[in-house]
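1. coords please:
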Amino acid sequence: MLTSNHTDAMVADLRRLVECESPSMDIEATTRCADLLAALGEERLGQAPERIRTGERTNLLWRWGPAPSTRLILGHLDTVWPLGTLARWPFSVEGDRATGPGAFDMKAGLVQALYAVASLSEVERDGVAILVTADEEIGSPETRGLIEALAWDADEAYVPEASAPGERANGALKIERKGVSLYSVVITGRAAHAGLEPERGVNASIELAYQVLALATLGDPALGTTVTPTVLASGTTTNTVPAGARIEVDVRVCTVAEQDRVDAAIRALRPHLDGAEVTIEGGPNRPPLERKRTARLFHRAQEAYAALGLGDLEGVAVGGASDGNFTAGVGTDTLDGIGAVGGGAHAEGEWVSVPDLWKRAALLAALVRPHDQQR
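-> Got it, this is the predicted structure:
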């Protein structure tokens, strides 16, 4: 059974993981972190993971009992922090806070997952799987199929991603996440000399402006839908009519219906200037994690947390996405935000509440324990 006596060991393991930097785009770095996590997991669980390659990336899978697993715990070891961040921002513990690059999102959650399963008996572990991937922060392009395949057969999925800020100190679970779509609007014009004969050109920058304004009309604040042109690029030199331009677009939605509506609208964009061409690249990246997929497990989590004597739990809707969107997207009941209590995700100074490390691990253990063996 997990208690506060596990705190020092959990902090030590968190230090080991944070001090092994693992930015998503650095394959060697994420592989080193996978090696470390595999060794750490073998120490805590008494079992080495299966190493699953997706492209060049190494992902880890622990599984107990025959496949398919019925309770899936899902995490990621990659972070948004480039190599060298640790030199200016080392792992440290001050008072009740631990900080370091990736501590909150989501290396503390990985530690909590290991300790949660380690606290279960061999019988209780039967049917549990832990999958840790290496490309979540860049949209899981190589591991989505793996995640969905495991989730398809599971009854429940638990994601120890960092909790959301809440009114109470225990952190809120994420009971609704927006879906994400990512697009590139590619504009083709025609170059010409800007001073001698600009009329012979088709100005991709002007077409870009029209398309940005068209994109801005597609959001629906009442439904929580945002359509945001983000990165814009156009032109080559100051004296040339731009022949090409590009708009990167971030879309966030609460429902599949809205994701489909916006997708159709973006694909229906047409050029305004004679001679210009508009091509759409990309599309839906993660489906929304809708509340209907979290309600049952959230109720159980509230009951379990109270039974452990740890107080109340909040549930909130958030705009960010996780791999839990994929598990919910295939129809698996999913609960997210079970991991670290703290703050500052993706911001320098992100931190973890040390006293809550064991508490959230105990919650996860209670949730994955077979229902007929709850205690």
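2. For residue 368, which residues are in contact?
-> By CB atoms under 8 Å, 6 or more residues apart in numbering, the contact set of residue 368 is 71, 73, 116, 117, 120, 128, 156, 158. Placement of C-beta: from N, CA and C, glycine included.
3. how close does it sit to residue 20?
-> Here the criterion is CB to CB, to the nearest Å. By it, residue 368 lies 26 Å from residue 20.
4. what do you get for residue 73?
-> From residue 73 to residue 20 the distance is 21 Å (CB to CB).
5. Pick out whichever of the two has more residues nearby.
-> Using other CB atoms under 10 Å as the criterion, residue 73 and residue 20 rank with residue 73 on top: 28 against 20.
6. Pull out the buried positions in whichever helix or strand the more buried one is part of.
-> According to DSSP states H and E, residue 73 maps onto strand 71-76. If you call a residue buried by 16 or more other CB atoms under 10 Å, then strand 71-76 has these buried ones: 71, 72, 73, 74, 75, 76.
7. And the longest helix along the chain, what does it pack against?
-> Longest helix in the chain by number of residues, with DSSP state H as the criterion: helix 27-45. In terms of contact count using 3 or more CB pairs under 8 Å, 6 or more residues apart in numbering; DSSP states H and E, helix 27-45 is assigned the packing partners helix 7-18, strand 57-63, helix 108-118, strand 128-133.
8. Might you report the residue contacts of residue 338?
-> With CB under 8 Å, 6+ apart as the criterion, the residues that contact residue 338 are 109, 112, 158-161, 163, 173, 301, 360, 363-364, 367.
9. Return the subset of these lying in strands.
-> Among those, the ones falling in strands (DSSP state E) are 158, 159, 173.
10. Buried ones among these?
-> Of the ones in strands among the contacts of residue 338, these count as buried by 16+ other CB under 10 Å: 158, 159, 173.
11. of the residues you listed, closest to residue 188?
-> Nearest to residue 188 among those is residue 159, at 40.9 Å by CB to CB.
12. bridging residues for that closest one?
-> Counting by DSSP bridges, residue 159 is bridged to residue 336.
13. which residues touch it?
-> Listed by CB under 8 Å, 6+ apart, the contact set of residue 159 reads 73-75, 322-324, 327, 334-339.
14. Now with 10 Å, please.
-> Taking CB atoms under 10 Å, 6 or more residues apart in numbering as the definition of contact, the neighbours of residue 159 are 72-76, 106, 109, 113, 136, 173-174, 177, 289, 322-325, 327-328, 334-339, 364.
15. cool, and residue 10?
-> With CB under 10 Å, 6+ apart, residue 10 has these contacts: 2, 44, 98, 108, 111-112, 114-115, 352, 354, 357-358, 361.
16. likewise residue 241?
-> Residue 241 makes contact with 189-194, 197-206, 235, according to CB under 10 Å, 6+ apart.
17. Select from the residues you listed every entry located in helices.
-> For the contacts of residue 241, secondary structure assignment (DSSP H) places 204, 205, 206 in helices.
18. Turn those into a markdown table, including neighbour count, distance to residue 88 and pLDDT.
-> Output for the ones in helices among the contacts of residue 241, formatted as a markdown table (neighbours: other CB atoms under 10 Å; distance: CB to CB, whole Å; pLDDT from 0 to 100):
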| residue | neighbour count | distance to residue 88 | pLDDT |
| --- | --- | --- | --- |
| 204 | 29 | 40 | 98 |
| 205 | 16 | 38 | 98 |
| 206 | 19 | 43 | 98 |
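19. correct me, but residue 16 touches residue 41?
-> No - proximity of residue 16 to residue 41 does not meet the contact threshold set by CB atoms under 10 Å, at 11.7 Å.
20. Which of the two has more residues huddled nearby?
-> Set side by side, residue 16 and residue 41 show unequal neighbour counts under other CB under 10 Å, the larger going to residue 41 at 23 against 17.
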